[in-house]
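Chemist: Let me see the structure of the following:
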Amino acid sequence: MPVMNGIESTRGIRKLERERGQKPAMIIALTGLASANIRQEAFSSGINLFLTKPVRFNELRKFLNDWTPDMEPQDVVAPNAGSE
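Modeler: All right, here's what the predicted structure looks like:
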């Protein structure tokens with residue numbers, strides 16, 4: 001059983017980055033959960049990209065190729081993925 005979920009882990013990473021004065025790392029969430037509440041909590045925690053399964057790797061590749069540290073968080077929901 002994990003000690004932390006991805007959102008808790010992201011909060012911890014962002015806190016450590018601030019304390020150390022480090023440039024933020026890109027954090028990508030890959031999940032089967034597509035609810036609006038989960039997405040909002042993910043972005044609030046500091047996640048940069050929220051991907052809902054199934055993932056289209058061409059979309060991920062484009063994001064990674066175009067990514068810069070000052071980009072706004074992005075939400076990529078798979079087609080046919082409904083809200084929970």
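
Chemist: Excluding chain neighbours, what is closest to residue 53?
Modeler: Among residues not flanking residue 53 along the chain, residue 32 sits closest, at 4.9 Å (Cβ to Cβ, 6 or more residues apart in numbering). No exception for glycine: its C-beta is placed from N, CA and C like everyone else's.

Chemist: low pLDDT regions in the protein?
Modeler: For the chain, applying pLDDT under 70 flags the ranges 1, 75-84.

Chemist: For it, which segments count as strands?
Modeler: Using DSSP state E, the strands of the chain run over 28-31, 49-52, 74-76.

Chemist: Direction included, what does the first one pair against?
Modeler: Each strand that pairs with strand 28-31, with its direction, by DSSP bridges: strand 49-52 (parallel).

Chemist: Now the strand it pairs with: buried residues?
Modeler: In terms of neighbour count (16 or more other Cβ atoms under 10 Å), strand 49-52 has its buried residues at 49, 50, 51, 52.
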